[in-house]
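J.: Model the following, please.
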Amino acid sequence: MAKIVKFGNFEEKPEENKEEVIDEVVSQSQNDEEIQIKKAVEEHILANFAVKEVLEMDIVYKINKSDIGVIGTVAYEHKRRGGPFIADFIAKGYKSKNQYIIDTLAFELGEPDLYRNIFTILKAKKALPEID
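T.: This is a model prediction of the structure:
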């Protein structure tokens, strides 16, 4: 005769809970994606500009295939000047495997020509984020 072994409580959950769990997982993955993009932008800024420390950053991004477009504002401490500064920027990058890489970034007031060029490139690649 066979013995019945119960491994846990496998009660069926209502459909609402399944949808909530799916929404939670999707929002968590988008949050992780945003954190990774912020980290890539911060690394690019620290490596290529006279920035001592990034204090805060707000971004809006869009991913089209492997192209990434980022528009945002960064608060930072300058290496040679005292006090915090705030600057608007635009960045262009790509996704390589599970890693985001920013290859071009320009500040609106510091490099207006490059800023417009990146804007045009992102618009052509359909990776320009929409700001509400």
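J.: Residue 40: neighbour count?
T.: Using other Cβ atoms under 10 Å, residue 40 has 21 other residues around it. Backbone N, C-alpha and C define where each C-beta goes, glycine included.
J.: Equivalent analysis for residue 96, please.
T.: A total of 9 residues lie near residue 96 under the criterion other Cβ under 10 Å.
J.: List the residues that contact it.
T.: For residue 96, the contacting residues are residue 66, by Cβ atoms under 8 Å, 6 or more residues apart in numbering.
J.: Which parts of this protein are strands?
T.: When secondary structure is read from DSSP state E, the chain shows strands at 51-64, 67-78, 84-96, 99-107.
J.: same for the longest one, what does it pack against?
T.: For strand 51-64, the elements it packs on are helix 15-48, strand 67-78, judged by 3 or more Cβ pairs under 8 Å, 6 or more residues apart in numbering; DSSP states H and E.
J.: Does anything pack onto the first one? Which helices or strands?
T.: For helix 15-48, the contact count by 3+ Cβ pairs under 8 Å, 6+ apart identifies strand 51-64, strand 67-78, strand 84-96, strand 99-107 as packing neighbours.
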